[in-house]
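Undergrad: A predicted structure for the sequence below; I have some questions about it.
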Amino acid sequence: MLAFKIEDADIKDFMDKLFRGNSFDGLEVRSIELETIVRYEINGGINKQYLKDNEERYFAKWSELKGIIFQLIKGKKKPKLMKIIFSLDENAVKNIDPNAAAAFLNISYENNAIMGTTGTSQKNFSLDKSFDIKWEDIIKKFFKKNNIFIKEL
């Protein structure tokens with residue numbers, strides 16, 4: 001598991017990339033917790049009626065939700081809490097490792113700090129950590145490509 005922090009000086013830039021850029025758009029959203037004037041809990045599971053007939057997926061993409069989430073947090077006060085659990089789509093996960101079930105990127109904003117972790121799950125129990133290592137490397141390259149500077153914890 002990779003644990004990291006976005007440096008304080010880079011928080012505004014990170015949020016801009018998250019909500020106005022397209023770097024995260026292809027990631028699926030498993031869930032979102034948001035606390036502003038009220039608490040929101042959003043399940044990223046998709047309503048199949050909104051998909052095209054030939055489309056087969058289980059979770060909404062960030063590109064489909066980020067505008068809604070941005071509307072909920074914009075204003076004079078920063079949100080008290082925001083947690084987003086991203087994941088790769090099923091096909092991308094299979095391309096990394098045949099035993100892979102899911103690959104997660106967890107982002108949380110709380111107390112004016114952005115923290116993150118990665119996580120994986122496998123179809124069958126294994127002590128082999130190569131999938132975890134590959135996913136961590138993919139995330140590090142993703143951040144570097146998008147000029148997102150992290151401090152590993």
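TA: Done, it's in. Numbers count the residues shown, from 1 in each chain.

Undergrad: now the element after the biggest helix by length in the chain, going C-ward?
TA: Ranked by number of residues, the top helix in the chain under DSSP state H is helix 130-145. Proceeding N to C from helix 130-145, the next assigned helix or strand is strand 150-152, under DSSP states H and E.

Undergrad: can you give the distance from that following strand to the centre of its chain?
TA: 16 Å (CA atoms, centre = their mean, to the nearest Å).

Undergrad: name the element residue 14 belongs to?
TA: Going by DSSP H and E, residue 14 is in helix 11-19.

Undergrad: between helix 130-145 and that helix, find me the angle.
TA: 110 degrees (axes from the mean of the first three to the mean of the last three CA atoms, to 10 degrees).

Undergrad: just the CA atoms of helix 11-19, as PDB, please.
TA: Extracted as PDB, the C-alpha positions of helix 11-19 are listed here (Å, rounded to 0.1, in the frame of the first residue of the first chain):
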ATOM      1  CA  ILE A  11      -3.600  21.600  -2.500                       C
ATOM      2  CA  LYS A  12      -5.200  24.300  -4.700                       C
ATOM      3  CA  ASP A  13      -3.500  22.900  -7.800                       C
ATOM      4  CA  PHE A  14      -4.500  19.300  -6.900                       C
ATOM      5  CA  MET A  15      -8.200  20.400  -6.400                       C
ATOM      6  CA  ASP A  16      -8.100  22.300  -9.700                       C
ATOM      7  CA  LYS A  17      -6.800  19.100 -11.500                       C
ATOM      8  CA  LEU A  18      -9.400  17.000  -9.700                       C
ATOM      9  CA  PHE A  19     -12.400  19.200 -10.500                       C
END
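
Undergrad: which strands or helices does that helix pack on?
TA: Applying 3 or more CB pairs under 8 Å, 6 or more residues apart in numbering; DSSP states H and E, one finds that helix 11-19 contacts helix 62-73, strand 113-122. (C-beta placed from N, C-alpha, C; glycine too.)

Undergrad: buried stuff in it?
TA: Across helix 11-19, burial judged by 16 or more other CB atoms under 10 Å covers 11, 14, 15, 17, 18.

Undergrad: with respect to residue 133, which of those residues is nearest?
TA: Nearest to residue 133 among these, counting by CB to CB, is residue 14 at 24.3 Å.

Undergrad: where's residue 77, which helix or strand?
TA: If you go by DSSP H and E, residue 77 is not part of any helix or strand.
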